[in-house]
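Trainee: Predicted structure and sequence below. I'll ask about it afterward.
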Amino acid sequence: MNRPYTIATLGSHSALQILKGAHDEGFRTLAIANRDTERLYRSFLFVDEVIGIDRYQDFPNLIGELQKRKIIIVPHGSFVAYLSLEEHKRMTIPYFGNKAVLDWEASRELQRDWLSRAGLKLPRQFRGGSEIDRPVIVKLYGAAGGKGYMFIRDAADFEARASDLKEAYIIQEYIIGVPLYIHYFYSPLENKLEIMSMDRRYETNVDSLGRIPANAQEGMDVSPSYVVVGNSPVSLRESMLAEAYRMGEDVVRVSKEICGPKGLFGAFCIETIITPDMQFYVMEISARIVAGTNLFIDGSPYSYLNYSEPMSTGRRIARELKNALLTKNLRFVLDDSSVL
Ligand code: AMP
Ligand code: AMP
């Protein structure tokens, strides 16, 4: 490569995967870590440089300095958790991804509009407690990793517990089935979608309630909670793969209509629950690399089919950036705000 770019990201979430992939594709790597994580990131040989900051929220103060260097930012979940939408948009460092997608992702209404235009099946949504006619999940706005979600049996249960709800929320039909998180990569250079891997989350305590028989739970004061603590790999019944692929294609196609010609590109994840009649209900979309891909730093069975070499989502991102640089197409894989 004639331009020695450095791939940089915040030291958290999926940074190790992203930076390992960047290193394996020949980039220099930079982790922006906090005081607690600095030493961890320095301990890895594929991390060329670590900049320590006190808090991830201080990252915007670094932007001026980073802008002077040949740096490409690869965002992950912590960027969304620690930086505001405005801070994201103000940043003009070359950024892998299309920031216009952020608005469509951050608003639950716009996201629902996007997914339903793509023809995906969504859980029913209820406008208020009186409409509830089945078990529902109450989700707080902008909640991180399922925190504060409530399972509600019926309208009376909602009435009884509504006073606990201090933040904005949505009420959604509770889908009983197997949660499956499908990790995709859409290449704007090749105009092609790949399924990279899949996982299911491990959530506490909802994933452990099944270990206590229902009759023993009676009278116990436990309610399900959905806080994610880990992920485990899944391979999907092959007859369902075509549908999983189609859902990814439909989401990308509609994104090009709603958020500019570039649409959604790079890594993304569709979060589904599969019901016994083998229908995928879509809970949410994440428009960047998700932490579930950390299971597959060495590649997944699906990425192996395409690459025959270890290809994590992090490495796939770096490969796209490398291919773009080699063919002088970098602008097609960066947000339009990027100053090159
Ligand atoms: P962290 O940097 O660990 O605070 O994570 C940043 C964001 O990503 C938070 O919103 C987390 O809830 C989410 N996150 C972190 N790890 C995972 C995971 N393994 N699965 C799903 N979401 C995660
Ligand atoms: P989310 O914030 O949408 O990723 O949801 C976090 C977790 O809440 C999921 O992994 C599911 O376990 C659960 N969940 C979210 N939406 C639903 C739903 N409509 N039905 C059942 N469980 C859900």
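Mentor: Received it, and whenever you're ready, just let me know what you need. Predicted model, so just to flag it, every value in this text is computed and none were measured. Ligands and ions are numbered 1, 2, ... in the order given.

Trainee: hey, let's count contacts and neighbours off CA atoms from now on
Mentor: Noted.

Trainee: a strand runs through R201, doesn't it?
Mentor: Yes: R201 forms part of a strand when assessed by DSSP: H, G, I helix; E, B strand; the rest coil.

Trainee: Wait, it touches G292, no?
Mentor: Yes: judged on Cα atoms under 8 Å, R201 makes contact with G292 at a distance of 7.4 Å.

Trainee: shared neighbours, the two?
Mentor: Y181, G230, N231, S232 (Cα atoms under 8 Å, 6 or more residues apart in numbering).

Trainee: Can you verify the second one is assigned to a strand?
Mentor: Yes: according to three-state DSSP, G230 belongs to a strand.

Trainee: if I look at the residue lying closest to it once chain neighbours are set aside, how far off is I289?
Mentor: What sits nearest to G230 in space, not counting adjacent residues and going by Cα to Cα, 6 or more residues apart in numbering, is Y202, at 5.0 Å. Applying Cα to Cα, to the nearest Å, one obtains 18 Å for the distance of Y202 from I289.

Trainee: Show me which of these two is the more surrounded one.
Mentor: Between Y202 and I289, I289 has the larger neighbour count (other Cα atoms under 10 Å), namely 25 against 17.

Trainee: So what pairs up with the more buried one in the strands?
Mentor: H76 (DSSP bridges).

Trainee: right, and the residue nearest to G230 touches V229 too?
Mentor: Yes: Y202 is within contact range of V229, at 5.9 Å (criterion: Cα under 8 Å).

Trainee: G219 is in what secondary structure piece?
Mentor: Counting by DSSP states H and E, G219 is held by no secondary-structure element, helix or strand.

Trainee: Would you list the phi and psi of it?
Mentor: Backbone dihedrals for G219, given as degrees, to the nearest 10, come out at phi 90, psi -20.

Trainee: give me the number of residues near it?
Mentor: G219 has 7 nearby residues by other Cα under 10 Å.

Trainee: Could you check the pLDDT of it?
Mentor: Confidence at G219, expressed as pLDDT, is 88.

Trainee: Distance check, it against ligand 2.
Mentor: 23 Å (Cα to the nearest ligand atom, to the nearest Å).

Trainee: before we move on, what about F46?
Mentor: 31 Å.

Trainee: swap in I71?
Mentor: For I71 relative to ligand 2 (Cα to the nearest ligand atom), the value is 31 Å.

Trainee: next one: E249
Mentor: In terms of Cα to the nearest ligand atom, E249 sits 20 Å off from ligand 2.

Trainee: Just list the residues touching that residue, thanks.
Mentor: Under the criterion of Cα under 8 Å, 6+ apart, the neighbours of E249 are L193.

Trainee: Which part of this structure gets nearest to ligand 1, residue-wise?
Mentor: G145 (3.4 Å; Cα to the nearest ligand atom).

Trainee: Tell me the secondary structure of that residue, please.
Mentor: coil.

Trainee: Can I get the shared contacts of R201 and G292 in a markdown table including neighbour count, pLDDT and distance to ligand 2?
Mentor: Shown next, in a markdown table, are the shared contacts of R201 and G292 (neighbours: other Cα atoms under 10 Å; pLDDT from 0 to 100; distance: Cα to the nearest ligand atom, whole Å):
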| residue | neighbour count | pLDDT | distance to ligand 2 |
| --- | --- | --- | --- |
| Y181 | 26 | 98 | 8 |
| G230 | 15 | 88 | 11 |
| N231 | 18 | 93 | 10 |
| S232 | 13 | 96 | 12 |
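
Trainee: Which two of those residues have the greatest separation?
Mentor: Largest separation among these by Cα to Cα: Y181 and G230, giving 12.6 Å.

Trainee: what touches both of those two?
Mentor: Taking Cα under 8 Å, 6+ apart as the contact rule, Y181 and G230 both touch R201, G292.

Trainee: which residues touch D298?
Mentor: D298 neighbours (Cα under 8 Å, 6+ apart): P310, M311, S312.

Trainee: L83: which of those is nearest?
Mentor: Taking Cα to Cα as the measure, L83 sits nearest to S312 out of the contacts of D298, at 25.3 Å.

Trainee: What is the neighbour count of that closest one?
Mentor: Neighbour number of S312 under other Cα under 10 Å is 25.

Trainee: any idea how far it lies from M247?
Mentor: With Cα to Cα as the criterion, S312 and M247 are 21 Å apart.

Trainee: next one: E320
Mentor: 22 Å.
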